[in-house]
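A.B. asks: 3D model of this:
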Amino acid sequence: MKNVYCTLFGHDYKISKNVTYHVKEYKCKHCSSQLTTNSNGKLTPLTPKFKEINSVLERIHRKRLERSQRIFMTNL
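C.D. replies: So this is what the prediction gives:
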């Protein structure tokens, strides 16, 4: 029944995860299909390869934020 809704009215994607400032993961509210942004900024299906890429990007992004905050706090 959920796929029928998406077939008739289209998907209703909501952000499920913020990977970085520009990369996000989306999930359809009705059928649970998942998308992510690719290197060109376009939406693409969230495959295991993209899940791995996103997890690495998130880890790098988080470490950079932590490092920049530590540097900022030591300069105060």
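A.B. asks: What are the buried residues along the helix or strand harbouring E52?
C.D. replies: According to DSSP states H and E, E52 maps onto helix 48-74. Neighbour counts over helix 48-74 (16 or more other C-beta atoms under 10 Å) mark 50, 53-54, 58, 61 as buried. Yep, even glycine has a C-beta here, placed from its N, CA and C like the rest.
A.B. asks: residues contacting R67?
C.D. replies: For R67, no contacting residues are found, by C-beta atoms under 8 Å, 6 or more residues apart in numbering.
A.B. asks: Tell me how far it lies from T37.
C.D. replies: 24 Å (C-beta to C-beta, to the nearest Å).
A.B. asks: coming back round to it: got a markdown table for the buried residues of helix 48-74, with pLDDT and distance to G41 too?
C.D. replies: As requested, the buried residues of helix 48-74 are exported to a markdown table (pLDDT from 0 to 100; distance: C-beta to C-beta, whole Å):
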| residue | pLDDT | distance to G41 |
| --- | --- | --- |
| F50 | 96 | 14 |
| I53 | 96 | 14 |
| N54 | 97 | 14 |
| E58 | 96 | 17 |
| H61 | 96 | 16 |
